[in-house]
Structures are given as structure tokens and as C-alpha cells.
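> Only the shape, not the letters, is given here:
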């Protein structure tokens, strides 16, 4: 009987040591579980920008194309500096919208890579496959990525509102000069 206990005790110690090494710090688990849902916030902001961007891309060029052929009907006395600034502003708006799309697509790509990466990483941490020090550093990097995306999307929302305001202002000014009372106003929603 004594022989069996002598090898059982070291084996039991080895098993307990193995499981103790894979134990995850509860503070780290709480930080991860608290941070994880924040990706949803960024996802909602992406959906907001995406929905409005699709509308803006559909309307900006279409609305201007409806007004553009009529611009020749504006009397020369109404073709003041404001008129030319409006035309230039709208052409710049179309260019700005194209640049906005490129930046937005980049933000969307970062998000679509970061979330699955975070989820996979989270599972590894919870399984004890990643050392606590490395996991803490990784979490800091995920938080930075999230923070950058969150800030970029807040800026993108403000930029969209400014572009829509320019669209509305310019088309109101041009249609007023034409005596057309079609409403081309849009809103970011």
C-alpha cells in the first residue's frame, strides 16, 4: 500500500500544478469581459455611417445631375461669386465623398479583422493558453484599436453631417436662383 501512495502523491502534485498554471487571473477576466461588449458600440457606429454613406452616394450625384442642366438658365446677373463658389463647393463635395468612402472602407476592414481576432484571443486567454503578462499587453493593444476606431467613427459622423449640410445649402442656393422649389434636403439619421 505504501508503494502506491508514494507515486500517487507526486502525480497528484503534477496534475494540480498543471491546472494551477492554466488558471486565469480573475481581474484580467473581468477586464476582458467588461471590454468585449464595447466592440458592439463600434459596430453600431459602422452601421450608422454605412447606412448614411450609401444614401449620400446615391443622392449627391443624382441631385446635382438634376440641377446641373438647368444652370445655363440662370441669368448672368445672378451668376455672382456665390454662384461660382456653390458650383466649386459641390464639385469639391463629390471629391470629398469619394475620399470619405476610401477612409471608411479602411476603418471597416480594421474592425472586421479586429473583432474575430479579439474573440479568438479571448478564448485562448480564458483557456489559459496565453500568459497573463502577454494577455495584459494584448488587451491594451485591443483597447487602443477600439479607441482609435471609436474616435475615427465619431469624426466620420461629424464629417458626414457637414457634407450633408453643404449638399443642402448648395442645392437650396442653386434651385432658388433657378426658381425651382424642389426640396433636395437630406439628413443624417
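In hand now; what should we look at? The structure displayed is predicted, hence computed values, not measured ones.

> Name the residues of stretch 165-175 that are buried.
166, 167, 168, 170, 171, 173, 174, 175 (16 or more other C-beta atoms under 10 Å). Placement of C-beta: from N, CA and C, glycine included.

> What is the nearest of these to residue 57?
Checking the buried residues of stretch 165-175 against residue 57 by C-beta to C-beta gives residue 167 as the nearest, at 11.6 Å.

> wait, residue 122 sits on residue 36?
Yes. At 6.5 Å, residue 122 counts as touching residue 36 under the criterion of C-beta atoms under 8 Å.

> Neighbour count for those two, which is higher?
Legend: neighbour count by other C-beta atoms under 10 Å for residue 122 and residue 36, higher for residue 122 (20 against 14).

> show me the contacts for the more buried one.
Listed by C-beta atoms under 8 Å, 6 or more residues apart in numbering, the contact partners of residue 122 are 32, 36.

> ok, 10 Å please
Contact analysis of residue 122 by C-beta atoms under 10 Å, 6 or more residues apart in numbering lists 29, 32, 33, 35, 36, 130, 135, 138, 139, 142.

> That one and residue 29, how far apart?
Separation of residue 122 from residue 29 (C-beta to C-beta, to the nearest Å) stands at 10 Å.

> what's the overlap in contacts for these two?
residue 135.

> any weak-confidence spans in the chain?
1-22 (pLDDT under 70).

> Which stretches in this protein count as helices?
Taking DSSP state H as the test, the helices found in the chain are 2-21, 26-35, 38-67, 81-126, 132-178.

> I'd guessed residue 79 sits against residue 85; true?
No. The pair residue 79 / residue 85 is not scored as a contact, 11.1 Å apart, by C-beta atoms under 10 Å.

> For residue 180, give me phi and psi.
With angles defined as degrees, to the nearest 10, residue 180 sits at phi -100, psi 140.

> Can you give me the distance of the residue nearest to residue 71 when sequence neighbours are not counted to residue 86?
Closest residue to residue 71 in three dimensions, ignoring its sequence neighbours and counting by C-beta to C-beta, 6 or more residues apart in numbering: residue 174, at 7.0 Å. Note on residue 174: its distance to residue 86, by C-beta to C-beta, is 6 Å.

> With residue 55 instead?
Residue 55 is 22 Å from residue 86, by C-beta to C-beta.

> Brilliant, that's me finished.
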